[in-house]
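> Structure of the sequence below:
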Amino acid sequence: MIDAIRESVSTRIRAALVRARARLGRGMRTPRGFTMLEIAIVLFIIALVISMALPRFAGIRNAHLKSEARRLAGRATYLYSRAMSDKVVLRLSFDIDSDSYSVARLDPYSVKPVFAPDKEPGFAPVMLPVGVRLRDVIVEGTGAMTRGTANCFFYPEGYVDATFVHLIDDSGTVFTLSFNPLTGRVAIRDGDFGPSAGMIMR
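Below you'll find the predicted structure:
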């Protein structure tokens, strides 16, 4: 009798386990992969985000180059006015090897005229930031220089040497600064420009 009861219980337990396993098997789905349509949509969204973000990154990258071009243009314009007002000769020296520039002044009416560093506050030598370089400097009467020091002079009579400065960043973007010899204005252009045929390079 006891054996029969045990056999019956054992049979019921086995049947319950089989039913439980069958239920679990029906409830669990086999994992499926992505369809080609889903993959295509994801790739399209990624490409769209990248195409929208790239111009912003380019703008950020060029921001340092633009900022340095404006700073140099502002300094050169001020030197033109100051040379006339102070009746001195000012020299803007570009050290191409160290990517820096500085200002020196000469009083033509002194007993021993000599260039000395300009000590006016805010006019200390400028070192270009990392990623921005002086590619070359073209000065009237001197020609293009890619190494060493190039000097541009501002005269008390209201004249500056016709000069072209090319600033370049790590991405290869070039900004051209051109000094107008008669007005002292400095034009900033996005791109690689040189002297026109009318500029005399002795």
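
> Do you have the helices of this protein handy? List them.
2-27, 36-86 (DSSP state H).

> looking at these, which one has the lowest mean pLDDT?
Mean pLDDT values for the helices of the chain show the minimum at helix 2-27, a mean of 62.

> Contacts made by stretch 82-90 with the rest, please.
79, 103-109, 115, 118, 153-158, 160 (Cβ atoms under 8 Å, 6 or more residues apart in numbering). No exception for glycine: its C-beta is placed from N, CA and C like everyone else's.

> List the buried residues of that stretch.
Residues of stretch 82-90 classed as buried under the neighbour-count rule (16 or more other Cβ atoms under 10 Å) are 82, 83, 84, 88, 89, 90.

> Just grab the bridge partners of the residue lying closest to residue 70 once chain neighbours are set aside for me.
Spatial nearest neighbour of residue 70, excluding adjacent residues (Cβ to Cβ, 6 or more residues apart in numbering): residue 188 at 6.9 Å. Beta bridges link residue 188 to residue 177, judged by DSSP bridges.

> Residue 188 contacts residue 167, doesn't it?
No. Residue 188 lies out of contact with residue 167 (Cβ atoms under 8 Å); the separation is 9.3 Å.

> ok, the two, which is more surrounded?
Between residue 188 and residue 167, residue 167 has the larger neighbour count (other Cβ atoms under 10 Å), namely 23 against 15.

> Could you pull up the residues touching that one?
Counted by Cβ under 8 Å, 6+ apart, residue 167 has contacts 65, 68, 69, 72, 128, 132, 133, 134, 135, 174, 175, 177.

> how close does it get to residue 83?
According to Cβ to Cβ, to the nearest Å, residue 167 stands 23 Å off from residue 83.

> Could you measure from residue 139 over to residue 120?
23 Å.

> The two - which one has more neighbours?
When neighbours are counted by other Cβ under 10 Å, residue 139 and residue 120 differ, and residue 139 comes out ahead with 21 against 11.

> is it true that the more buried one touches residue 151?
Yes. Residue 139 is in contact with residue 151 according to Cβ under 8 Å; the separation is 7.0 Å.

> tally of neighbours for residue 43?
Quick note: residue 43 (other Cβ under 10 Å) scores 10 neighbours.

> cool, residue 125 as well?
For residue 125, the count of nearby residues is 13 (other Cβ under 10 Å).

> Nearest residue to it in space, ignoring adjacent ones along the chain?
residue 102 (3.8 Å).

> close enough to count as contact, the one you found and residue 79?
No. Taking contacts as Cβ under 8 Å, residue 102 lies outside contact range of residue 79: 11.5 Å.

> And those two? Which one has more around it.
Neighbour count, other Cβ under 10 Å: between residue 102 and residue 79, residue 79 has more, with 23 against 17.

> if I read this right, that one contacts residue 104, doesn't it?
No. If you go by Cβ under 8 Å, residue 79 and residue 104 don't touch, sitting 10.7 Å apart.

> Thank you, goodbye.
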